[in-house]
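prediction below, plus the sequence it came from.
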Amino acid sequence: MSTAEPARPRSYLEEGFGLRSWLTTHDHKRIGVLYGLGITFFFFLGGLAAALIRWELVTPAGDLLSAETYNKAFTFHGVVMVWFFLIPSIPATLGNFLLPLMIGARDVAFPRLNLFSWYLYMLGGLFTLACLLLGGVDTGWTFYTPFSTMFSNSHVLMAVVGVFIVGFSSIFTGLNFIVTVHTMRAPGMTWMRLPLFVWAMYAVALVMILATPVLAMTLALIGLERLFGVGIFDPALGGDPVLFQHFFWFYSHPAVYIMILPAMGLVSELITNGARRRIFGYKFMVYAIVGIAVVGFLVWGHHMFVAGQSMYASIVFSILSFIIAVPSAIKVFNWTATLYKGDIGFDAPMLYALGFVGLFMLGGLTGLFLAAAALDVNLTDTYFVVAHFHYIMVGGAVMAYLGGIHYWWPKITGRLYSEAWARFAAILMFFGFNLTFFPQYILGYEGMPRRYHEYLPQYQVWNVLSSAGATILGVAYLLPLVYLAWSLRHGARAGPNPWDATGLEWQTSSPPPPHNFEQVPQVTEGPYAYRR
Amino acid sequence: MMLPQASSLAPNVDHLFDTLLALCALVVIGVFTVMIVFCVKYRRGTDAIRTPAHRHMGVELTWTLVPFFLFMGIFGWSVHLWIKLRTPPKDAQPVYVVAKQWMWKVQHPGGQREIDQLHVPVGQPIRLVMTSQDVIHSFYVPAFRVKQDVLPDRYTQLWFTATRAGTYDLFCAEFCGTDHSRMRGRVVAMAPAAYARWLHAHQGTGLAAQGADLFRQLGCSGCHDPRSGVHAPHLYDLYGRTVPLADGSQVLADERYLHDSILLPKKQVAAGYAPIMPSFEGRIGEEDVLALVAYLKTRTHAAEDTDEHR
């Protein structure tokens, strides 16, 4: 890392200092930071719920939490982690901060709408917190009917309103990104010269604005059903309890790609820089991103193989689910090939990226077991599924997010953090993660259902290992909070380009000036001008 | 600890599982090895040869097409097995299951009832006809590799043939409220002779006979009897027949149709009849509906004739 400090223009951080200057800002970089703060808060809140769940499961008897509290804890964990952490994490923080910088723009297309999205996010968050303070909700984050509409006595409406509101924040962010990428690229920044992270943001934005309205609709229907007993999901009134699952997964399966596509884009940036080599097969990587975004809309029924849908519907959803694994495989092979003849450094961002590839592979391959309907019958609704989606969403999305935070930290804050601590945290996280979630594959294969507050004694050994892993993982997540905060005051000043990287965002000072570039950059070649 | 294989299809499921597992392990080991080799060989500061790498369209196509065809192979195998898992043999013996927060209620055709237990004979295909009285539950027996959601006001089914005598865990796998994790039970697979003894020892009134009583008690016979003055269908030979509906469509009179006609009589009105039947929704439970349906299935002209000759 170079720490030489050139004469810096005034940065976006020095544009105003009071709280008011932040809460009324239209600067995409400040809004990215605001999101970062909110998202970090919710991450640790959701993490606390996860810790309660894991500690409860150390023994087969429900001795730490009551059944009621346990059900509320896993619901809160799911709701917060999915809607207030995983979905907004990369797009709303790093996406907001980096997208205009990476395409050479001064800001996003609609800066006021961008600030409004953040307020919606916080408002949705307040409803969710209010729900928790009132006593919580016990339906699981999936809100399956008719339990959520007719049987649950907890605060379903309050939770649903919170998620409904945060959904609009997601829609507006998506809209903003699409218009920004279409209209604000610097001269010479053609589509096939976009960095892969920008491609991922663009694809994700499309998924967000197409899928999220379906979620809003579905949640509104739950509200109507609870308040007025309309009968859409109530069989006694001619409704269909399974219809809800179709609506819900029509949003929530694409939502998985809202979490993982940004991570894929981001990891591509980290690996190409870490290996100092041009990304292998740029065009295939772009097609894979677009392919995943499109096919991601067609596989929702693989959540419902045993839910009572027809045998033939399951066959169609099964084959589509196998097909979507192909572009994911392409990406893994391309990342690996990028390392070939590289000049590989193992700084923290690269460690996170390599960790991501490993965990994403283990998560993705176990997805094949669930895509095969005949195997899914035994595995679905067990810990196998819990392990699978945590490998993708936590092992994948969170590792990538943290890798990205470390990589662009010098750009965001202008400071360098302790590299030794960062590497230690990355390795500890990888170890803790595997110890937490690998045993859950075995538990699931052996038949332990998910969402169990008490379980049969034969499952205890793997549960104890998993809980031990979760404790280590918790410590590993707390470490960056400490050393990154420390770097804000004590870290060395970062130059404009500490990683010797090639993207446009590294051609401006760290932290960037309020309008990003002193002069509008001219783009003359594709991304990743490292060695071929 | 290995999960026992106690149903006829469990070994087939495991075979597919093991094959896919081996395939995935191969891929993981392969890719990890390559990654580690690259990371060591090309780490910053070594003097490995770093001439520009040649780029082949062929490489990309190979690692796109090879996984694709592998996936399609696994898919084909899985579908073959899936269809078997979903198609009960003709001679499968029905057993009725009603789920409610938080217990499993089982009724055998001979009238034997049990709670949180299911006794079955080894070697005989069993078809469970299941419904729920409240929320969605899921009937899951890991040792048999079977699982099926149980839905309110709808019948779902699953089938298995137990192959080994023993006692196996039964779980509810779909989150169903506070005591979800306590909604557990046992499936007891018994040798046919032992099972026959068990049936005999727990004999109750047959399910169809219970239904016949209900048919009179609830006043169904008042309208549906051929001698009744009310214009209502007689319900003889109804099960398995195609019924024309008032809206011009047709419906197969299966268990679901009979169930819905009792609880939601206005949903599918038979052609030629006024929709005057009251709903029994909320008045009788799913177990009673099961008994009525079982009775309606026995209600044929032939059976009625024998009754009258007696």
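Yep, it's here.

nearest spatial neighbour of residue 147, skipping sequence neighbours?
No chain in the question, so chain A it is. residue B:135 (4.2 Å; C-beta to C-beta, 6 or more residues apart in numbering or on different chains). C-betas here are computed from N, CA, C, even on glycine.

oops, I was thinking of chain B
residue B:140 (4.2 Å).

OK, contacts around the one you found?
A:381, A:447, A:449, B:146-147, B:170-173 (C-beta atoms under 8 Å, 6 or more residues apart in numbering or on different chains).

looking at this, it is in a helix?
No: checked against DSSP: H, G, I helix; E, B strand; the rest coil, residue B:140 lies outside a helix; its state is strand.

for it, list each beta-bridge partner.
residue B:147, residue B:171 (DSSP bridges).

distance of it from residue A:443?
Counting by C-beta to C-beta, to the nearest Å, the gap from residue B:140 to residue A:443 is 14 Å.

helix, strand, or coil at the closest residue to chain B within chain A?
Going by C-beta to the nearest C-beta, chain B is nearest to residue A:447 of chain A, at 2.8 Å. Assigned with three-state DSSP, residue A:447 falls in the coil class.

what about residue A:314, neighbour count?
23 (other C-beta atoms under 10 Å in any protein chain shown).

what's the spacing between the host helix or strand of it and its chain's center?
Using DSSP states H and E, residue A:314 falls within helix A:311-339. Counting by C-alpha atoms, centre = their mean, to the nearest Å, helix A:311-339 is centred 19 Å from the centre of its parent chain.

and if you look at stretch A:347-365?
Worked out by C-alpha atoms, centre = their mean, stretch A:347-365 lies 14 Å from the chain centre.

mean confidence score for that stretch?
Averaging pLDDT along stretch A:347-365 yields 96.

what of stretch A:44-52?
According to the model, stretch A:44-52 has a mean pLDDT of 96.

so is that stretch next to chain B?
No: Stretch A:44-52 does not reach chain B (C-beta under 8 Å from any C-beta of the partner chain); its nearest approach is 15.6 Å.

could the contacts of residue B:140 be laid out in a markdown table, adding distance to residue A:114?
Converted to a markdown table, those look like this (distance: C-beta to C-beta, whole Å):
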| residue | distance to residue A:114 |
| --- | --- |
| A:381 | 39 |
| A:447 | 48 |
| A:449 | 43 |
| B:146 | 51 |
| B:147 | 45 |
| B:170 | 53 |
| B:171 | 47 |
| B:172 | 46 |
| B:173 | 43 |
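
wait, which of the residues you listed is closest to residue A:206?
Of all the contacts of residue B:140, the one with the least separation from residue A:206 (C-beta to C-beta) is residue A:381, at 30.8 Å.

pLDDT wise, what is that closest one at?
At residue A:381, the model reports a pLDDT of 96.

could you list every residue that touches it?
Residue A:381 neighbours (C-beta under 8 Å, 6+ apart): A:306, A:449-450, B:138, B:140, B:147, B:173-174.

ok, now with 10 Å
Listed by C-beta atoms under 10 Å, 6 or more residues apart in numbering or on different chains, the contact partners of residue A:381 are A:303, A:306-307, A:444, A:449-451, B:138, B:140, B:147, B:149, B:171-175.

next, the buried residues of the helix ranked longest in chain B.
Ranked by residue count and defined by DSSP state H, the top helix of chain B is helix B:10-41. Within helix B:10-41, the residues that count as buried by 16 or more other C-beta atoms under 10 Å in any protein chain shown are B:10, B:12-14, B:16-17, B:20-21, B:23-24, B:27, B:31, B:35, B:38-39.

for chain A, tell me which of these show up nearby.
Contacts with chain A within the buried residues of helix B:10-41, counted by C-beta under 10 Å from any C-beta of the partner chain: B:10, B:12-14, B:16-17, B:20-21, B:23-24, B:27, B:31, B:35, B:38-39.

below-threshold pLDDT in the chain: ranges please.
As the question left the chain open, I've gone with chain A. For chain A, the stretches with pLDDT under 70 are A:1-8, A:532.

not quite, go with chain B.
B:1, B:53-55, B:301-310.

list the contacts for the closest residue to residue B:116 other than its chain neighbours?
In this structure, residue B:116 finds its nearest non-sequential neighbour in residue B:185, 3.6 Å apart by C-beta to C-beta, 6+ apart. By C-beta under 10 Å, 6+ apart, residue B:185 lies in contact with B:103-104, B:106, B:114-118, B:139, B:141, B:168-172.

most neighbours, which of the residues you listed?
Highest neighbour count within the contacts of residue B:185, by other C-beta under 10 Å: residue B:172, with 29 neighbours.

now do the contacts for that one.
Applying C-beta under 10 Å, 6+ apart, the residues near residue B:172 are A:381, A:449, A:451-452, B:99, B:101-104, B:136-140, B:150, B:179-185.

repeat that for 8 Å
Contacts of residue B:172 (C-beta under 8 Å, 6+ apart): A:449, B:99, B:102, B:104, B:137-140, B:180, B:183-184.

burial count for residue 292?
By default, I'm working from chain A. Using other C-beta under 10 Å: residue A:292 sits among 24 other residues.

please go with chain B instead
25.

next one: the one 4 residues further on
As a burial measure, the neighbour count of residue B:296 was computed by other C-beta under 10 Å and equals 24.

swap in residue B:275?
11.

what values do phi and psi take at the nearest residue to it once chain neighbours are set aside?
Nearest non-adjacent residue to residue B:275, counting by C-beta to C-beta, 6+ apart: residue B:269, 4.6 Å away. For residue B:269, the backbone dihedrals (degrees, to the nearest 10) come out as phi -90, psi 130.

buried set for the next helix or strand after the longest helix of chain B?
Going down the chain from helix B:10-41, the next helix or strand is helix B:57-86, by DSSP H and E. Using 16+ other C-beta under 10 Å as the test for burial, helix B:57-86 gives B:59-60, B:63-64, B:67-68, B:70-71, B:74-75, B:77-79, B:81-82, B:85-86.

show me what contacts the one residue in chain B that gets nearest to chain A?
At 2.8 Å from chain A, residue B:142 is the closest residue in chain B, using C-beta to the nearest C-beta. Residues in contact with residue B:142 (C-beta under 8 Å, 6+ apart) are A:378, A:446-447, B:3, B:168-169, B:171.
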